[in-house]
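Asks: Here is my input; please provide its structure:
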Amino acid sequence: MAHGFIFTSPGVKFRERDLSFVTRNVGVTTLGLVGETQKGPAFEPTFIQDKGQFRERFGSQSVERFQTGNLRYILPYYANAYLEESSQLYVTRVLGLSGYDAGTAWAITLSAGVSGDTITTGTTNTLTGVSFTNFSYLGEVISSNGQTGTIFSGFTKVSPTTFTGVKYVYEVTSLLSNGSGTLNYTAYTLNAISNPNYENMVLAVLRSRATVKDEDGVAPVTNFEADLVEISANATNTGTGNLFGQFTIKAINTAITGSTSAETYVVSLNPNSRDYIVNVLGDKPKGKNTRLYVESVFPDLIKKLDADSLAYGVNSSVLTLTSDMFTNYRYQYQTPETPWIVSELRGNRIEKLFKCISISDGNSANKEIKITIANINPVTKEFDVIIRDFNDTDDNIRVLETFQRCTMRKTETGYVGNRIGTANGDYDLKSKYIMLEIAEDAPEDAFPAGFEGYKQPNFGPTGIAPKIFYKTSYLPDDRINRTYLGISERGYDGVSLRGTGINQNLFNFIGVSNDLTKSKGFHMDIDATGVYEMGEFEVGAANFQTLADINNSSNPYSNPQSRKFTLVPAGGFDGWDEHRSERSNTDLFRKGGPFDGVPDGVTPTNDYQAWEAAINTFANPEEITINLFATPCLNFADHTSLVKQVIDMIENDRADSLYILDTPDVSVPIGIDERQDVVAAEDIVDLLDTVDIDSSYTATYFPWIKILDTDNNVSVYIPPTGQVCKAIAFTDNIKFPWFAPAGLQRGIIDARRAKYKLSIEARDILYKGRINPIADFTDVGSAVFGQKTLQVRESALDRINVRRLLLQLKVLISNVAIRLVFEQNDQTTIDEFLSKVNPILDTIKRERGLQEFRIIMDDSNNSPETRDRNELYGEIQIKPTRAVEYIGITFTITPSGANFDEV
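Replies: So this is what the prediction gives:
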């Protein structure tokens with residue numbers, strides 16, 4: 001007997017036979033979402049139970065938009081709505097696989113101040129009888145005859161690296177009552193050079209804004225708005241120098257002639273000024289109309305350079321950076337990680353121990369956490385790992401997680417890999433924020449004492465990478481319990497300056513080129529001054545190796561609270577093409593599509609493929625259990641191919657979930673002859689008809705709805721999908737999956753209004769076209785007023801309540817059947833199946849899900865041949881209970897004396 005099943009490995013399979021068209025006719029909701037969020041792990045379904053957990057893991061709602069006007073982050077709206085009714089949500093975040101052509105970069109550099117140990121005296125010149133007036137000479141106050149002193153008004157930079165100045169040693173020879181008089185002086189010409197450790201240090205990096213042009217059959221072309229940048233220092237940057245003074249930047253497009261070829265901006269490096277360079281140019285590739293934007297700037301470094309007299313001003317030329325290291329950002333998303341945390345000084349060696357890898361991916365993860373290694377005990381080799389909020393301060397730390405008494409010894413329960421979890425899977429993840437990579441030869445008797453340097457761009461022979469100022473020692477007035485070594489805002493303390501930040505831009509993505517250099521790391525031991533395998537270190541103030549070191553009362557590390565340092569993960573990257581005005585995930589960018597951008601046979605890496613990869617994380621039902629699915633931002637008109645892939649996955653790979661599909665937004669101008677709602681309904685139905693979608697596992701709703709974004713206190717229009725998912729969860733909470741999630745009992749949604757107030761005519765058009773209306777009612781507000789699937793053929797399965805009944809039955813009966821696999825293929829097993837399935841169906845019938853049912857599992861569908869093939873077949877015939885969707889009432893008006901029984 002042919003049954004239509006193909007088995008290879010043992011298991012249970014289902015098929016459906018829909019007979020209802022002939023006559024024309026798991027209880028807990030679990031939603032899977034795929035889309036963009038502000039932060040979080042990418043391409044990995046993450047289980048979320050409440051809105052607070054969602055915000056902590058994936059961020060808040062955002063009104064950030066693409067240039068096209070579409071919201072960038074719709075998924076958080078769906079998640080927050082759904083989590084009001086359910087505590088079971090899986091989220092897969094999408095990040096980019098393509099990266100982008102970054103183009104030329106231009107670096108603004110430091111004109112460094114005088115290096116004090118290079119001052120020399122040149123020529124001298126003595127003059128007598130020099131006149132002065134008003135009790136003053138060269139700014140010096142003259143108060144008495146015979147007064148002596150020295151006048152020095154500072155150095156002037158006369159070349160890129162040299163300074164000159166004049167020092168006057170004077171004696172007053174006469175002073176009259178009117179303030180005039182004479183003096184003798186000897187003038188000494190002083191010469192000096194600029195500090196070579198800071199000359200040409202990069203203070204900011206500029207990029208050109210750009211657009212991307214796609215062409216059929218070839219790689220996309222990025223067109224930049226500027227290809228030449230000039231900088232000219234303002235007068236405030238001459239004389240004695242002024243790092244915070246205004247200067248001008250000119251962005252030039254050499255392909256343009258005439259007055260529009262250049263744009264000029266007046267900016268400064270003063271973070272407290274309206275003309276601060278970020279305020280003028282912006283710090284994102286999109287969002288402002290200027291040709292340039294600031295990729296990175298280091299305000300805390302700049303303030304320290306100024307406060308410590310290490311700066312003279314801003315150089316009047318930029319570094320033009322055209323190497324592949326700066327121009328090529330064509331890489332997929334990256335996960336930030338710390339440098340290697342290293343051991344104490346062991347003789348003349350320092351060993352790598354472990355590095356911390358962020359669980360979150362992308363740009364936002366670069367500013368999510370700090371990691372402090374504290375309570376380091378050189379005797380027991382134990383230490384604490386503290387996960388902190390990136391934006392906290394040493395004075396006011398915000399602890400997210402703590403792992404106490406960790407060790408490098410694998411045999412102990414406190415082994416750091418076991419306590420936190422490792423990236424290679426050897427140890428399960430215990431942390432919500434990091435996982436570890438353990439160095440292959442990490443010594444088990446070691447303890448952490450510092451970290452290697454951070455990767456930095458190589459600015460070539462004419463530029464110096466911005467310096468990371470570590471906190472290397474405790475000062476007498478430091479409160480040790482509120483001061484941390486390593487990366488700390490206190491590392492940027494200066495003369496009359498208290499540091500307030502750690503220059504977050506230092507830890508952003510800078511490419512993956514082999515030409516990258518490395519900063520110095522930090523090590524607590526004062527003797528770690530050599531050149532080691534992992535580089536060089538800025539060092540602490542004392543030895544930190546043995547019991548003798550910490551028992552020495554003059555050693556600052558004798559206080560256990562002093563034995564700590566902080567570092568941060570770095571290098572996260574979103575992987576999107578930041579120059580695009582919208583995602584490249586439409587049908588045009590699929591493999592083989594006109595804009596896939598690669599030769600035949602090569603797999604493209606557009607946003608289309610990123611969404612494919614994210615969607616496929618839900619393909620295995622044995623790995624992730626859901627019964628509801630949505631893809632925020634994908635709609636059937638603009639993303640038809642991706643939507644059909646989702647439907648194929650839901651129908652064939654999973655066969656256990658309902659897919660709630662976004663509709664595109666439809667804008668209809670106000671007309672005289674036709675109503676907006678009717679035209680909008682006709683337009684959206686026409687769009688659906690053109691894409692050829694036929695699926696009982698899929699449903700869609702229209703129009704978009706206006707909701708209040710409480711995170712940003714603004715109203716936004718979004719698809720109703722999130723509210724529909726909430727209504728389905730609400731239905732499951734108060735009834736069962738076989739009840740329709742629609743109407744005024746179970747379909748009321750939290751919306752200010754629908755975009756179009758649908759008339760009966762518009763609702764009829766939509767429902768006939770398989771699109772479920774969102775209707776507005778004066779007394780209750782907006783409500784879901786339809787429950788059709790996108791199945792074309794009229795049958796019981798063209799309704800959501802019946803489809804979800806079948807999905808629920810599959811789950812329940814599968815749980816019974818899978819336990820019988822490998823049992824004896826005899827009547828006892830059949831009886832066991834029947835004894836467990838009959839009560840399930842009886843219960844569903846009693847709860848109004850079925851009208852009748854019958855189970856056939858006997859010799860009629862199990863022949864000796866099927867038993868010889870180790871197969872057992874059954875058939876479950878059901879009559880689903882349909883929902884009432886149309887109610888007709890007739891009013892009959894009779895004469896006063898009529899008998900109702902006779903009417």
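
Asks: what distance separates the start and the end of stretch 622-629?
Replies: With Cα to Cα, to the nearest Å as the measure, stretch 622-629 spans 16 Å from end to end.

Asks: what's near enough to touch Arg590?
Replies: Asp596, Tyr608, Ser641, Leu642 (Cβ atoms under 8 Å, 6 or more residues apart in numbering). In this view, the C-beta of every residue, glycine as well, is placed from N, C-alpha and C.

Asks: Tabulate those residues (a markdown table), appending pLDDT.
Replies: Formatted as a markdown table, those follow (pLDDT from 0 to 100):
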| residue | pLDDT |
| --- | --- |
| Asp596 | 87 |
| Tyr608 | 95 |
| Ser641 | 96 |
| Leu642 | 97 |
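
Asks: could those go into JSON lines alongside secondary structure?
Replies: Listed next are the contacts of Arg590 as JSON lines, based on DSSP: H, G, I helix; E, B strand; the rest coil:
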{"residue": "Asp596", "secondary structure": "coil"}
{"residue": "Tyr608", "secondary structure": "helix"}
{"residue": "Ser641", "secondary structure": "helix"}
{"residue": "Leu642", "secondary structure": "helix"}
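
Asks: most neighbours, which of those residues?
Replies: Tyr608 (27 neighbours; other Cβ atoms under 10 Å).

Asks: how close does that residue sit to Lys286?
Replies: 20 Å (Cβ to Cβ, to the nearest Å).

Asks: repeat for Glu84
Replies: Taking Cβ to Cβ, one finds Glu84 at 33 Å from Lys286.

Asks: and if you look at Asp392?
Replies: 30 Å.

Asks: mind giving me the domain split of this protein?
Replies: For the chain, the structural domains run 31-98+584-793, 100-109+199-329, 114-193, 341-461+470-567, going by automatic domain parsing.

Asks: can you list those in CSV and add distance to Ile844?
Replies: As requested, the domains of the chain are exported to CSV (distance: least, Cβ to Cβ, whole Å):
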stretch, distance to Ile844
domain 31-98+584-793, 7
domain 100-109+199-329, 52
domain 114-193, 84
domain 341-461+470-567, 38
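
Asks: Ala210 bridge partners, please.
Replies: Phe224 (DSSP bridges).

Asks: Identify each buried residue in stretch 507-516, please.
Replies: Going by neighbour count (16 or more other Cβ atoms under 10 Å), the buried part of stretch 507-516 is Phe507, Asn508, Phe509, Ile510, Gly511.

Asks: nope, stretch 393-402 is what I was after
Replies: Those would be Thr393, Asp394, Ile397, Leu400, Glu401, for stretch 393-402 by 16+ other Cβ under 10 Å.

Asks: The nearest residue to the fourth one once chain neighbours are set aside: neighbouring residues, count only.
Replies: If the residues on either side of it in the chain are set aside, Leu400 comes closest to Ile387, at 4.6 Å by Cβ to Cβ, 6 or more residues apart in numbering. Other residues within reach of Ile387, judged by other Cβ under 10 Å, total 21.

Asks: helices or strands next to the helix or strand containing Ile387 in the packing?
Replies: Taking DSSP states H and E as the definition, Ile387 sits inside strand 382-389. When contacts are defined as 3 or more Cβ pairs under 8 Å, 6 or more residues apart in numbering; DSSP states H and E, strand 382-389 sits against strand 369-377, strand 399-406, helix 416-420.

Asks: Parallel or antiparallel, list what pairs with it.
Replies: strand 369-377 (antiparallel), strand 399-406 (antiparallel).

Asks: which of these sits most buried?
Replies: Comparing these by mean neighbour count (mean count of other Cβ atoms under 10 Å), strand 369-377 comes out on top with a mean of 22.

Asks: which residues sit against that one?
Replies: Taking Cβ under 8 Å, 6+ apart as the rule, strand 369-377 contacts 338, 341, 356, 358, 382-390, 392, 397, 400, 404, 433-434, 447-449, 484, 487, 560, 563-569.

Asks: 7 Å - rerun?
Replies: Contact partners of strand 369-377, identified using Cβ atoms under 7 Å, 6 or more residues apart in numbering, comprise 338, 341, 356, 358, 383-390, 400, 433-434, 447-448, 484, 560, 563-569.

Asks: can you map out the strands along the stretch 701-850 of the chain?
Replies: 705-709, 714-718, 753-754, 772-777, 781-784, 850-856 (DSSP state E, counting those that start in this stretch).

Asks: Identify whichever of those strands lies nearest to Ser553.
Replies: strand 705-709 (58.4 Å; Cβ to Cβ).

Asks: So which other helices or strands are in contact with that closest one?
Replies: Here strand 705-709 touches strand 714-718, going by 3 or more Cβ pairs under 7 Å, 6 or more residues apart in numbering; DSSP states H and E.

Asks: To what extent is Lys467 buried, counted in neighbours?
Replies: When neighbours are counted by other Cβ under 10 Å, Lys467 registers 21.

Asks: Now do it against Thr186, distance only.
Replies: Counting by Cβ to Cβ, the gap from Lys467 to Thr186 is 39 Å.

Asks: try Thr124
Replies: In terms of Cβ to Cβ, Thr124 sits 6 Å off from Thr186.

Asks: now Thr118
Replies: Distance, Thr118 to Thr186, by Cβ to Cβ: 22 Å.

Asks: And for Gln53?
Replies: 76 Å.

Asks: Between those two, which has more neighbouring residues?
Replies: Gln53 (16 against 13).

Asks: Strands along the stretch 201-350 of the chain, start to end?
Replies: So, for the stretch 201-350 of the chain - with DSSP E, counting those that start in this stretch - the strands run 202-208, 210-213, 221-224, 228-233, 247-252, 262-267, 292-297, 311-314, 319-321, 328-329, 341-343.

Asks: out of everything not next to it in sequence, what's closest to Asn125?
Replies: The nearest residue in space to Asn125 (Cβ to Cβ, 6+ apart) is Ala187, at 4.5 Å.

Asks: for the one you found, what are its contacts?
Replies: With Cβ under 7 Å, 6+ apart, Ala187 has these contacts: Thr124, Asn125, Val166, Tyr168.

Asks: Which one of the residues you listed is nearest to Ile526?
Replies: Scanning these for proximity to Ile526, where the rule is Cβ to Cβ, the winner is Val166, at 41.7 Å.

Asks: Surely the closest one is within a strand?
Replies: Yes - counting by three-state DSSP, Val166 is located in a strand.

Asks: and Thr413, that's in a strand?
Replies: No - secondary structure of Thr413 (three-state DSSP): coil, not part of a strand.

Asks: I'd like the distance from it to Phe507, if you could.
Replies: 33 Å.

Asks: repeat for Ile765
Replies: In terms of Cβ to Cβ, Ile765 sits 54 Å off from Phe507.

Asks: try Val218
Replies: Where Phe507 is concerned, Val218 sits at a distance of 36 Å (Cβ to Cβ).

Asks: One more: Asn585?
Replies: Counting by Cβ to Cβ - Asn585 and Phe507 are separated by 29 Å.

Asks: Could you do Pro476 as well?
Replies: 31 Å.

Asks: Asp686 too?
Replies: 50 Å.

Asks: related to what we said a few turns ago, so which residues make contact with the strand holding Ile387?
Replies: Taking Cβ under 7 Å, 6+ apart as the rule, strand 382-389 contacts 369-377, 397-407, 414, 416, 420, 431, 433-434, 447-448.
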